[in-house]
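1. Only the shape, not the letters, is given here:
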């Protein structure tokens, strides 16, 4: 699936990733080095950080914002971690928002909520298209929970 996405995204300037390595190459590295489950978590976390405001959080190089798998940036929770992490179970991305990465947290919140809503609506209409929406929701939500516990 990743190679198929690369065939589409590398031909269009609209889908240019601001990171180096690009998100799809990062995903391939994550699956190779971390395995299937952690690969999904690392990929979901990276995609949630790929937004126009990434320049506020990541070092800039000639190729783009530098953030590879070996040099992954984990931010420690500094503002009430034992309160903000449980709130993140209800509002995904909340821990990132109050710990100085507002746009990363907002992106995580939007992706999880939109995919959860899409899964709910398609399931309610007896459409089996809810499965991809549910997978996206679970991937991003679980990724947020996993990286929140790493931030302790």
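-> Perfect, I can see it now. As the structure is a prediction and not an experimental result, all values here were calculated from the model.
2. What ranges in this structure fall below the confidence cut-off?
-> Along the chain, segments meeting pLDDT under 70 span 5-6, 9-10, 13-15, 71-75.
3. Quickly list the domain ranges of the protein.
-> Here the domain parsing of the chain from automatic domain parsing is 1-73, 74-152.
4. show me what contacts the closest residue to residue 29 other than its chain neighbours?
-> For residue 29, ignoring the flanking residues on the chain, the nearest one in space by C-beta to C-beta, 6 or more residues apart in numbering is residue 69 at 4.7 Å. (C-beta placed from N, C-alpha, C; glycine too.) The contact partners of residue 69, by C-beta atoms under 8 Å, 6 or more residues apart in numbering, come to 26, 29-30, 33-34, 42.
5. ok, now residue 58?
-> Contacts of residue 58 (C-beta under 8 Å, 6+ apart): 19, 49, 65-67, 73.
6. Out of those, which is nearest to residue 113?
-> Among these, residue 49 lies closest to residue 113 (C-beta to C-beta), at 17.0 Å.
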